[in-house]
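Student: sequence and predicted structure below; questions after.
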Amino acid sequence: MKILVATGGAPHSEQAVRLSAEVARQTGAAITLLTVSKEAGPGVAVAKQVVATARRSLGPVPGPVTTKVRVGHPAEQILQEAEAGGYNLVVVGEKERHHLVTRFLLGATAERVLEHAPCPVLIAKGKAGPIRRILLCDSGGAEPPLLARLMAQIGDFIEGQPDITVLHVMSQISAGPGVKGSALRADAETLIETESPEGRLLEHDVEILEERDAHAEPLVRHGGVVEEIVAEVKSGNYDLLVIGGHRVEGWRRLLLDDLTHKILAQVALPVLVVR
């Protein structure tokens, strides 16, 4: 597994560095610390100091560590490195903000990386500690499903995780015309026992995770997608939230991106976005 960590030396970048160290200690991943200088000359010397400081902040990790400096537009250079280096995961930091305007949640660089990265993106926010409890939100509405994408892209990250909750939100807004009212109120056990589509999704996800030596529990909440995910995050003492990202066109793209940004705006823990 290869991790690309974008750092600019600011506190939120240091958070990304510390979080990547936790991931590397669990997976043995190789880490590349990257900073971008907007211009050649003196800016490169400063950038070299930034990655040297980041390397010290990283601390001891089991895998190899590389430092790189690129020159140019930050987002473009991060994306080019992510593509050229064949990374499995990109880690970026989130600036602290004191308002709720979701379109300004991330800085312009992180926003563009999240939108265009060729691999999952881990947004560092909240506490960067050991990742022991994961909340994985699988809607079942995309092909391939979220867990299948996660396993295909960074399966090493899931193997052996001690506690993963697989959450599916039953929302009347998104329910199809054939969904019965009782299903919109049922818990995970009932959905699995009745072999509903949602129950089969949860059961399948749990089976896959347990095959990878993870302890997995299915969970259903009822209501609005964003509200229920945020409520579960706040009630569950999780270390990481995993959500899906989508590349689609037209109004659906705006809606899906809006859901992602609303979730990011309201949770105070690292968020892994898997496209």
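Tutor: Received it, and whenever you're ready, just let me know what you need. The shown structure was predicted, so the numbers you read here are calculated from the model rather than taken from an experiment. Numbers count the residues shown, from 1 in each chain.
Student: quick one: contacts for L136?
Tutor: L146, L147, L150, I164, T165, V166, L167, D205, V242 (CB atoms under 8 Å, 6 or more residues apart in numbering). No exception for glycine: its C-beta is placed from N, CA and C like everyone else's.
Student: brain fart, A82
Tutor: Counted by CB under 8 Å, 6+ apart, A82 has contacts L4, V90, V113, A117, P118, C119.
Student: out of the residues you listed, flag the one nearest to H12.
Tutor: Closest to H12 out of the contacts of A82 is V113 (13.3 Å), distances taken as CB to CB.
Student: confirm the closest one sits in a helix?
Tutor: Yes. Per DSSP: H, G, I helix; E, B strand; the rest coil, V113 lies within a helix segment.
Student: just to revisit the earlier point, rebuild the contacts of A82 as TSV, extending it with distance to H261, pLDDT and neighbour count.
Tutor: TSV is the format used below for these (distance: CB to CB, whole Å; pLDDT from 0 to 100; neighbours: other CB atoms under 10 Å):
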residue	distance to H261	pLDDT	neighbour count
L4	22	98	28
V90	18	97	29
V113	14	91	24
A117	16	92	22
P118	20	93	15
C119	20	94	19
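Student: kindly provide the distance from I164 to D239.
Tutor: 11 Å (CB to CB, to the nearest Å).
Student: swap in T165?
Tutor: T165 sits 11 Å away from D239, taking CB to CB as the criterion.
Student: list the residues that contact both of I164 and D239?
Tutor: By CB under 8 Å, 6+ apart, I164 and D239 have these common neighbours: R133, I134.
Student: list the contacts for the residue lying closest to S171 once chain neighbours are set aside?
Tutor: Leaving aside its sequence neighbours, S171 sits nearest to V225 (CB to CB, 6 or more residues apart in numbering; 5.6 Å). Residues near V225 by CB under 8 Å, 6+ apart: S139, V169, S171, S174, L259.
Student: for A186, same thing?
Tutor: Listed by CB under 8 Å, 6+ apart, the contact set of A186 reads M170, T194, S196, V220.
Student: the last one belongs to a strand?
Tutor: Yes. Checked against three-state DSSP, V220 lies within a strand.
Student: run through the bridge partners of it.
Tutor: H168 (DSSP bridges).
Student: okay, now it: neighbour count?
Tutor: V220 has 23 neighbours, counted by other CB atoms under 10 Å.
Student: how close does it get to R133?
Tutor: Look at V220 and R133: by CB to CB, they are 18 Å apart.
Student: ok, now the second one?
Tutor: Distance check for T194 against R133: by CB to CB, it reads 28 Å.
Student: pLDDT weak spots in the chain?
Tutor: The model of the chain has pLDDT under 70 over residues 95-106, 141-143, 172-184, 246-257.
Student: could you redo the last one with a cut-off of 50?
Tutor: Counting by pLDDT under 50, the ranges of the chain that qualify are 98-104, 173-177, 248-256.
Student: now do the helices in the stretch 1-150 of the chain.
Tutor: 11-27, 42-58, 74-85, 108-116, 146-158 (DSSP state H, counting those that start in this stretch).
Student: the second one packs against which elements?
Tutor: It refers to helix 42-58. If contacts are counted by 3 or more CB pairs under 8 Å, 6 or more residues apart in numbering; DSSP states H and E, helix 42-58 sits against helix 11-27, strand 30-37, strand 65-71.
Student: closest one to K48 among those?
Tutor: Nearest to K48, of the helices and strands packed on helix 42-58 and by CB to CB, is strand 65-71 at 5.8 Å.
Student: direction included, what does the closest one pair up with?
Tutor: The strands beside strand 65-71 in its sheet (DSSP bridges) come out as strand 30-37 (parallel).
Student: what about the nearest residue to Q15 once chain neighbours are set aside, how many residues nearby?
Tutor: Of all residues not flanking Q15 in the chain, A124 sits nearest, at 4.4 Å (CB to CB, 6+ apart). If you count neighbours by other CB under 10 Å, A124 ends up with 25.
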